[in-house]
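>>> quick check, what structure comes out for this input:
(2 chains)
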Number of protein chains: 2
Amino acid sequence: MVATKLMIPGPVELDEEVLLALAKPLMGHRTPEFEEMLEDCWRLLRMVYRTRNEIALITGSGTAAMEAAVASVVEPGTRVLCIGGGKFGERLGEIARCFGAEVSMLEVEWGGSFAPEEVDEALSESGAEVVTLTHNETSTGVVHSAEAVGRAAREHDALFIADAITSVGGDVVETDGWGIDLCITGSQKCLAAPPGLGFVAVSERAWEWMQERKAKHAFYLDLLRYRKALKKRTTPFTPSVTLIYGLHAALRRIERETLEARIRRHRALAEATRRAAEAMGLSLLPSREHASNTVTAIRIPQGLSDDDIRGRLKREYGILVAGGQEKLKGRIFRIGHMGEVSARELLSLLACLEQVLRCSGFEVKPGTGTEAAREVLEAELGEALRACGGG
Amino acid sequence: MVATKLMIPGPVELDEEVLLALAKPLMGHRTPEFEEMLEDCWRLLRMVYRTRNEIALITGSGTAAMEAAVASVVEPGTRVLCIGGGKFGERLGEIARCFGAEVSMLEVEWGGSFAPEEVDEALSESGAEVVTLTHNETSTGVVHSAEAVGRAAREHDALFIADAITSVGGDVVETDGWGIDLCITGSQKCLAAPPGLGFVAVSERAWEWMQERKAKHAFYLDLLRYRKALKKRTTPFTPSVTLIYGLHAALRRIERETLEARIRRHRALAEATRRAAEAMGLSLLPSREHASNTVTAIRIPQGLSDDDIRGRLKREYGILVAGGQEKLKGRIFRIGHMGEVSARELLSLLACLEQVLRCSGFEVKPGTGTEAAREVLEAELGEALRACGGG
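Below you'll find the predicted structure:
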């Protein structure tokens, strides 16, 4: 068996083109050759972000980019409304508190979402100047309406920070269309680049906001330093040249596939996963209307343990899927179908999942899940089905 | 001609073994297989750091590790003594100010160093609780005495933060022996791993200090989060799995060469560079006693420009050396001889440097620099000369 198959919601598997790009000898990081590559990365990032805004490129995990967005706009006492509902949504609140913000939480049940009116009310009540949302909540497999939050933010003249780490490049994210002032993403999710790079697309309004801010409580993660460097088409600190090679190769793959086709593929894979789960008698954590298109969270059936599913998948079939986090630990498992995942990989996972469920005593007829998935994929992708993810 | 030759003080060129390690398919970042690799990285890092302390492994540039060290111990009003003398030494002061510290600078001329008594006096006068030093100042090619600062810090019961980004793995750094409480390094310098990882070795005393600190003004760069994860032998945020592969391969190369032989090689290359420069009639920026063993800063001779040297080396011979930074821009050039640099590479640089100097109108007899360097290398390394850096 070759390497363990990653079906987690990131870091995702990398295409051979991206892997080989990583092995290229280093260029000087302050040379015209490297700046040309950076420039092309920015062009391609603007394409996947659907934005005209400038994009800070940070060497660090997704959380570093989250902190950069929050720390750069928050001062002690800034009123921030954080929309919860999962580990990452709540993390934005934690970060804001670190920098002295007065945080109000819009509590959302893990696995659920919110009605637009709730955001409107919460903004009125809290008088928040900044609102934060995790668009695609990986910990619960829920996609929230960033569009609705953007609308409410405009009405209340609040700055809108969206963590779109697991949606940009895999699902619809309209950074400019939805009015996201600081839109965060990471390299190792739907972009299918290696982990270690984070990005923040920053609106003109957000730059102005930062310039007026007095508190300075970040250095490496102060976005204004990135802006200054952006004007010279470079980065303020030594970037990971290696990871930029990988990012560039990954973004060019997206350009070739086209963003539209890529989103269609992600949505089809997600729908196929949901139908397969239901056909096998499993139940999803989120309701169908809020289910994510890049990760599917499925409840562990009564009587089965995390090990019966995830442990067996890893030991017996060499497939890694993710478990529940924090309060969902042992209650759900999560299938990542983001990045380069193809019909072949989804069907092979489902075939193995049918087997481990059966062997763990959960009745399921072999072929139930795969057949349900194939139907969706054929209907949604047709001819593209066999090509998808094939490079 | 193959890729441009990097003779800058980092990011340095990577060995083929390291490059190929980067191209390996990703492992899950929360699996026993990956934790085993992390564990071995920590073992090897402790070896190069000469420490028993635990080491935080941060995905980010060297500056991220600098900020993690400073932000984790400083509160508003903390009295910090920063020893200046170059871009990076002063940067530690800038970072401390960002977090509200009351910073006193021990001003040091760029290119010079300090006497131990000066540190002692400055600590007495400022009543500093924390002292910071950039051990090997890349911007000026100076190595300061971290041992002396460590001694003074103990006497005054101050915490000692040392940026050893361009010395760990290339020159003597006795983290425990010198009493460095927070010892910072980066992947892309003497360790010859890809850029994008920073490290902080933290003493027991520093952990206790952090635990008592009340202010929280960092999240991604809060070292206490790294400590909590270290207890579970992991990292608090998704690490760059790719870069860890590269780091591990690079550290294993150091183990094979042995740290002692590696330091001997760096010192011999540095001495050879200095002698060659002098033989060619060039003058060093620092005095000989403070000259760095990983980067050599040389004054641009009167009548010549940065382009006469650096521009020509790049255009005509495909070799990249570094220029002066900030107030030294256009006044010096800097040769990096850290990481995997061998006798062959140094001699080829010197041969080309002789040519560009001559063509720019600076009188130098071909062979002067290379011969002076060879003599040193032969005397210092003998049989090891031909093998060094050879793999």
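
>>> just give the closest residue to A:Pro239, not the sequence neighbours.
If the residues on either side of it in the chain are set aside, A:Pro239 comes closest to A:Thr59, at 5.4 Å by CB to CB, 6 or more residues apart in numbering or on different chains. Glycine gets a C-beta too; all of them are placed from N, C-alpha and C.

>>> bridged to that neighbour, which residues?
Beta-bridge pairing for A:Thr59 (DSSP bridges): A:Leu197.

>>> what about it, neighbour count?
For A:Thr59, the neighbour count with other CB atoms under 10 Å in any protein chain shown is 29.

>>> before we move on, what about A:Gly111?
23.

>>> who's in contact with the closest residue to it other than its chain neighbours?
In space, and not counting its chain neighbours, A:Gly111 is closest to A:Leu285: 4.3 Å by CB to CB, 6+ apart. Contacts were defined as CB atoms under 8 Å, 6 or more residues apart in numbering or on different chains; by that measure A:Leu285 touches A:111, A:140-142, A:297-299, A:328, A:332.

>>> before we move on, what about A:Leu123?
Applying CB under 8 Å, 6+ apart, one finds that A:Leu123 lies in contact with A:81, A:131, A:152-153, A:155-156, A:158.

>>> one more time with 6 Å
Going by CB atoms under 6 Å, 6 or more residues apart in numbering or on different chains, A:Leu123 touches A:81, A:152, A:156.

>>> same check, this time on A:Gly150
So A:Gly150 contacts A:160, A:178-179 (CB under 6 Å, 6+ apart).

>>> can you tell me which of those end up in helices?
Assigned to helices by DSSP state H, none of the contacts of A:Gly150 qualify.

>>> which of the residues you listed lies closest to A:Gly10?
A:Trp178 (22.5 Å; CB to CB).

>>> could you check the pLDDT of that closest one?
pLDDT, the model's per-residue confidence, is 98 for A:Trp178.

>>> and A:Val70, what is it in contact with?
Residues in contact with A:Val70, defined by CB under 6 Å, 6+ apart, are A:95-96.

>>> before we move on, what about A:Val103?
Contacts of A:Val103 by CB under 6 Å, 6+ apart are A:80, A:82, A:93, A:96-97.

>>> that one belongs to a strand, doesn't it?
Yes - assigned with DSSP: H, G, I helix; E, B strand; the rest coil, A:Val103 falls within a strand.

>>> show me what it is bridged to.
For A:Val103, the beta-bridge partners are A:Val80 (DSSP bridges).

>>> how about the contacts made by the residue most central in space within chain A?
Chain A has A:Thr166 as the residue nearest its centroid, 0.7 Å off, counting by CA atoms, centre = their mean. A:Thr166 sits next to A:9, A:136, A:138, A:189, A:294 when contact means CB under 6 Å, 6+ apart.

>>> near the last one, how many other residues are there?
To tie it back to what came earlier, the one meant is A:Thr294. Residue crowding around A:Thr294 was assessed by other CB under 10 Å; the count is 29.

>>> hmm, it is touching A:Gly170, no?
Yes - using CB atoms under 6 Å, A:Thr294 makes contact with A:Gly170 at a distance of 4.4 Å.

>>> which neighbours do those two have in common?
Common contact partners of A:Thr294 and A:Gly170 (CB under 6 Å, 6+ apart): A:190, A:266, A:338.

>>> now these in a markdown table, with neighbour count?
A markdown table is the format used below for those (neighbours: other CB atoms under 10 Å in any protein chain shown):
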| residue | neighbour count |
| --- | --- |
| A:Cys190 | 33 |
| A:His266 | 24 |
| A:Met338 | 30 |
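
>>> can you tell me which of these is nearest chain B?
Nearest to chain B among the shared contacts of A:Thr294 and A:Gly170 is A:Met338, at 13.4 Å by CB to the nearest CB.

>>> excluding its backbone neighbours, what's nearest the closest one?
Once flanking residues are discounted, A:Met338 sits nearest to A:Thr294: 4.1 Å by CB to CB, 6+ apart.

>>> spell out which parts of the stretch 251-391 of chain A neighbour chain B.
Applying CB under 6 Å from any CB of the partner chain, we find that the stretch 251-391 of chain A lies next to chain B at A:Leu320.

>>> helices of the stretch 251-391 of chain A, residue ranges please.
Ranges of helices in the stretch 251-391 of chain A, per DSSP state H, counting those that start in this stretch, are A:259-279, A:306, A:312-317, A:343-359, A:368-381, A:384-387.

>>> what's the local residue count around the nearest residue in space to A:Ser305 that is not next to it in sequence?
Distances taken as CB to CB, 6+ apart place A:Gly330 nearest to A:Ser305, at 7.0 Å, with adjacent residues excluded. Neighbouring residues of A:Gly330 were enumerated by other CB under 10 Å; the total is 12.

>>> what about A:Gly330, distance to chain B?
Here A:Gly330 is placed at a distance of 15 Å from chain B (CB to the nearest CB, to the nearest Å).

>>> so that residue sits against A:Leu304, correct?
No - A:Gly330 is not in contact with A:Leu304 according to CB under 6 Å; the separation is 10.2 Å.

>>> what parts of the stretch 1-150 of chain A come near chain B?
Residues of the stretch 1-150 of chain A lying near chain B by CB under 6 Å from any CB: A:3, A:11, A:19-20, A:22-23, A:25-26, A:28, A:59-61, A:63-64, A:67, A:95, A:98.

>>> and A:Arg315, how close does it get to B:Thr31?
12 Å (CB to CB, to the nearest Å).

>>> name the residue in the two with the higher neighbour count.
Neighbours per residue (other CB under 10 Å) separate A:Arg315 from B:Thr31, with B:Thr31 holding more: 15 against 11.

>>> any idea how chain A splits into domains?
Here the domain parsing of chain A from automatic domain parsing is A:16-256, A:258-387.

>>> so of these, which one's packed in deepest?
The highest mean neighbour count among the domains of chain A, using mean count of other CB atoms under 10 Å in any protein chain shown, belongs to domain A:16-256: a mean of 22.

>>> cool, thanks, signing off.
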